[in-house]
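Student: fold the following.
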Amino acid sequence: MDSPYLTIKEVAKFLNKSEKWCYLRKEQLPGYFRLAGSIFFDKDVLLATLKSKATIKRTSHLIVMKKWLVLSAPSA
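Tutor: Prediction:
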């Protein structure tokens, strides 16, 4: 049966982290919920969040670099 929910062990394997790491950060990981005292993660929520974070373009460091280049350009 292919469940839409992941256990701590499955999330740890997917993220290549230890189970302890995942347990300590469970509330920071997307899709976390408890059911009957057990910890689960909604697979779709976790994957969608990770995918969206992986595709965000980060250009702020380029802006800083351009400002530094302009400020530090040698005078003619």
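
Student: secondary structure element for residue 28, which one?
Tutor: Assessed by DSSP states H and E, residue 28 sits outside every helix and strand.

Student: residue contacts, it?
Tutor: Applying C-beta atoms under 8 Å, 6 or more residues apart in numbering, we find residue 28 in contact with no residue. For glycine as for every other residue, the C-beta is placed from the backbone atoms N, C-alpha and C.

Student: also residue 50?
Tutor: When the contact criterion is C-beta under 8 Å, 6+ apart, the partners of residue 50 are residue 30.

Student: so how far is residue 11 from it?
Tutor: Separation of residue 50 from residue 11 (C-beta to C-beta, to the nearest Å): 11 Å.

Student: could you list the low-pLDDT ranges of the chain?
Tutor: Residue ranges of the chain with pLDDT under 70: 1, 56-76.

Student: center of it - which residue?
Tutor: residue 50 (4.9 Å; C-alpha atoms, centre = their mean).

Student: so which strand or helix has it?
Tutor: Counting by DSSP H and E, residue 50 is found in helix 43-54.

Student: try residue 40
Tutor: Assigned by DSSP H and E, residue 40 belongs to strand 38-42.
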